[in-house]
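Enquirer: have a look at this prediction, sequence included:
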Amino acid sequence: MHGSPHIVGDVMTHTVVAIGREALFKDIVEVMEQWKVSAVPVLEGDGRVIGVVSEADLLPKEEFRDSDPDRCTQRRRLSDLAKAGAVTAEELMSSPAVTVHSGATLAQAARIMAQRGVKRLPVVNGLGVLDGIVSRADLLKVFLRADEELAEEIRREVVACLFPVPVEPIRVDVRDGVVTLTGRVRDTSLVPVAARLVRSVEGVVDVECHLFGASAPSEPQ
């Protein structure tokens, strides 16, 4: 599907605010507030990502400010208690950072976010150097594609390839991202394939197939 923005590099944000390992707690909070972000990559050397500091890493300092946790809590929240006493990015950051390459598919990036419970991923090159950042909102941008743009891609990349000589012209209708295929085809075994390929087009919300064999009556209008 050459018309679809399949990969992280197509939707990521290239301008990224980042910090060094020696950045101080208050400076990190100020950076997040200034740039309206909830996490920042931590870099060293030529821009290699070594960790990420998120709001979740900063909150223990407030959570445990006036508390005296019991021994059970101390054992269970050992990492958070350590962060409550941290003052630099190196002490606060989650490391190693969960990252993604710009060539990864949007589906791969979404799975990483879901599995690791993060809202955004630093995008790195083969050397681990920061290239950008991709957020959940970035992955959802594909659903802003116009219905007619989706329809044109499906006609060109799916219908024309699978059904070059249909019994009757196959109609492709898209409304609010939901695709409906209507018509008669010579090989009904390709209908599930068509549904799968249409669903894989970036921006498609759902697929309804009303494709029948050559001898079947047309669907009532």
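Expert: Received it, and whenever you're ready, just let me know what you need. The structure displayed is predicted, hence computed values, not measured ones. Numbers count the residues shown, from 1 in each chain.

Enquirer: every contact and neighbour count from this point should use C-alpha atoms.
Expert: OK.

Enquirer: where do the strands sit along this protein?
Expert: For the chain, the strands defined by DSSP state E occupy 19-20, 39-44, 48-54, 100-101, 120-124, 130-135, 171-175, 178-185, 206-213.

Enquirer: which of those strands sits closest to Asp68?
Expert: strand 48-54 (24.1 Å; CA to CA).

Enquirer: in the protein, what spans have low per-residue confidence?
Expert: Within the chain, the stretches with pLDDT under 70 are 1-5, 66, 70, 73-74, 76, 78, 215-221.

Enquirer: let's go with 50 and repeat that
Expert: 1-2, 221 (pLDDT under 50).

Enquirer: out of the strands of the chain, which gets nearest to Arg199?
Expert: Proximity to Arg199 (CA to CA) singles out strand 206-213 among the strands of the chain, at 6.4 Å.

Enquirer: give me the neighbour count for Ser189.
Expert: Around Ser189 sit 10 other residues, with neighbours defined as other CA atoms under 10 Å.

Enquirer: residues touching Ile50, list them.
Expert: Contact analysis of Ile50 by CA atoms under 8 Å, 6 or more residues apart in numbering lists 41-44, 95-97.

Enquirer: out of those residues, the closest to Ala18 would be?
Expert: Among the contacts of Ile50, Pro41 lies closest to Ala18 (CA to CA), at 5.1 Å.

Enquirer: quick check: closest non-adjacent residue to that closest one.
Expert: Val52 (4.3 Å; CA to CA, 6 or more residues apart in numbering).

Enquirer: residues near the one you found, how many?
Expert: Val52 is flanked by 26 other residues according to other CA under 10 Å.

Enquirer: I figured it hits Thr99, correct?
Expert: No: in this structure, Val52 is not within contact of Thr99 by CA atoms under 8 Å, at 9.6 Å.

Enquirer: of the contacts of Ile50, buried ones?
Expert: Listed as buried from the contacts of Ile50 are 41-43, 97; burial here means 16 or more other CA atoms under 10 Å.

Enquirer: now for those residues: which two are most distant?
Expert: Spanning the widest gap among the buried ones among the contacts of Ile50 are Leu43 and Ala97, at 10.3 Å by CA to CA.

Enquirer: need the overlap of contacts for these two.
Expert: Jointly contacting Leu43 and Ala97 under the rule CA under 8 Å, 6+ apart are 49-51.

Enquirer: in CSV, list the contacts of Ile50 along with distance to Gln108.
Expert: Compiled in CSV, these are given as follows (distance: CA to CA, whole Å):
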residue, distance to Gln108
Pro41, 20
Val42, 23
Leu43, 24
Glu44, 26
Ser95, 21
Pro96, 19
Ala97, 16
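
Enquirer: in this structure, which spans are helices?
Expert: 8-11, 25-35, 55-58, 60-63, 71-76, 78-84, 89-92, 106-116, 136-139, 147-154, 160-162, 191-199 (DSSP state H).
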